[in-house]
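Visitor: what's the 3D shape of this:
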Amino acid sequence: MNQVQIIVLALIALGLVILGIAAQQALARMRKQKQEKVQQLQLRNRNLQSVLQIVPQELMSKTLKQFILSSMQANIDEALSLKPEQTQFWQDQTLELQELQKAPANQSKIDSVEKANTIRHGLKSLQQEVKLSHKDKRLDNKQGKDLLVEVELKMLMAAGHFYRLMAERSFQATDYKNAYAACQKLLDTYQKSKHKDQLQTEILKAKGLLKNIHNAWLGERQEKDKADAEVLASRMLEWEKDQDSWKKSQLYDD
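Guide: Residues are numbered from 1 along each chain as shown. Just a heads-up that it's a prediction; the model follows:
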C-alpha cells in the first residue's frame, strides 16, 4: 500500500468519523426537540385544565368546554406519538381527562378584582390554545375565528359580571353612588367593545339596572330634600315663636 492509498484511507476514515459525530448530534437534537415538544404539550394541558377549574359555569359554554377537552386529548395523542415508550403514562393521562370531563361545573361567582383577573388570565391561556390549534391545523380558519371571538366575548363578560355584582350589592346596600359608578363601568365595558353588537342583550340589562339605580338615588335625594325642608320649616317656626315671645316680653317690660 503506497502513501497515496494510506492518505485516501485516512481521509475516508476521518470522513466516516465526522459523519458519525454529525449523525449523533442530529439524533441528540431530535431527541431534545421531541422532549421540548412533549413538555410544551404538557404545559398546554396544564393550562387548559386550569381554565376548566377557574372559569365559572356562567362563562363556560358547551363549545368552549368541548374544545378544551378535545384539545387536551389531541395533545396527549401527539405526545404519545413523540414518546411511544411512555404509553402507560399517556394512557393514565387519558383516564384522568375522562374523570375531568365528569367533574361538576364551577359554580363560583366573580366577586373580587383578583378573581376577575384570574379568570381573564385563564381565558387568555385558552385564547393562546386556539391560536396554537389553528397553527397545528386542528382547526380551520372559520373554526379558529369563531372560537377566538367567543373567548374574547367571555373575557369581556368576566369583567362585566364583576361590575354587575358590585353594582347589585351596592344597590341592595342603598350605596347608590358606588352602585351607579360600578354599573356605568359595566355599561362602558360592553359599549366600548368591538363586539358590542353581540352584547346587545347585556347592554340592555345594564341600562335597565343603571336606570333603576338612578331612580332610587333620585328618590332618596328627593326624600332627603323634603326632610331637610321640613326640618328647616320647623326651625323657622320655632324661631318665629321665639321672636313673638321676645316681642311680648319687651312689651310687658315697657
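Visitor: Secondary structure element holding residue 220?
Guide: Element membership for residue 220 (DSSP states H and E) is helix 200-253.
Visitor: I'd like to know the average pLDDT value across that helix.
Guide: The average of the pLDDT scores along helix 200-253 is 71.
Visitor: Sticking with the spatially closest residue to residue 151 that is not a sequence neighbour, tell me its helix or strand.
Guide: Excluding its sequence neighbours, the residue lying closest to residue 151 (Cβ to Cβ, 6 or more residues apart in numbering) is residue 127, at 4.8 Å. C-beta coordinates here come from the backbone N, C-alpha and C atoms, glycine included. Using DSSP H and E, the element containing residue 127 is helix 113-135.
Visitor: same deal with residue 146?
Guide: Short version, using DSSP H and E: residue 146 is in helix 141-172.
Visitor: Output the helix holding residue 127 as CSV, restricted to C-alpha atoms.
Guide: Extracted in CSV, the C-alpha atoms of helix 113-135 (Å, rounded to 0.1, in the frame of the first residue of the first chain):
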residue,chain,number,x,y,z
VAL,A,113,-61.0,42.0,41.3
GLU,A,114,-58.5,39.2,41.9
LYS,A,115,-60.9,36.5,40.8
ALA,A,116,-61.9,38.5,37.7
ASN,A,117,-58.2,38.9,36.8
THR,A,118,-57.5,35.2,37.4
ILE,A,119,-60.4,34.3,35.1
ARG,A,120,-59.2,36.7,32.4
HIS,A,121,-55.7,35.2,32.6
GLY,A,122,-57.2,31.8,32.2
LEU,A,123,-59.2,32.9,29.2
LYS,A,124,-56.0,34.4,27.7
SER,A,125,-54.4,30.9,28.0
LEU,A,126,-57.5,29.5,26.2
GLN,A,127,-57.1,32.2,23.5
GLN,A,128,-53.5,31.1,23.0
GLU,A,129,-54.5,27.4,22.7
VAL,A,130,-57.0,28.3,20.0
LYS,A,131,-54.2,30.0,18.0
LEU,A,132,-51.8,27.1,18.5
SER,A,133,-54.6,24.6,17.5
HIS,A,134,-55.1,26.6,14.3
LYS,A,135,-51.4,26.7,13.7
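Visitor: Give me the contacts around it.
Guide: For helix 113-135, the surrounding residues in contact (Cβ atoms under 8 Å, 6 or more residues apart in numbering) are 44, 47-48, 50-51, 54-56, 59, 64, 67-68, 71, 74, 108, 110, 139, 141, 143-144, 147-148, 151-152, 154-155, 158-159, 161-162.
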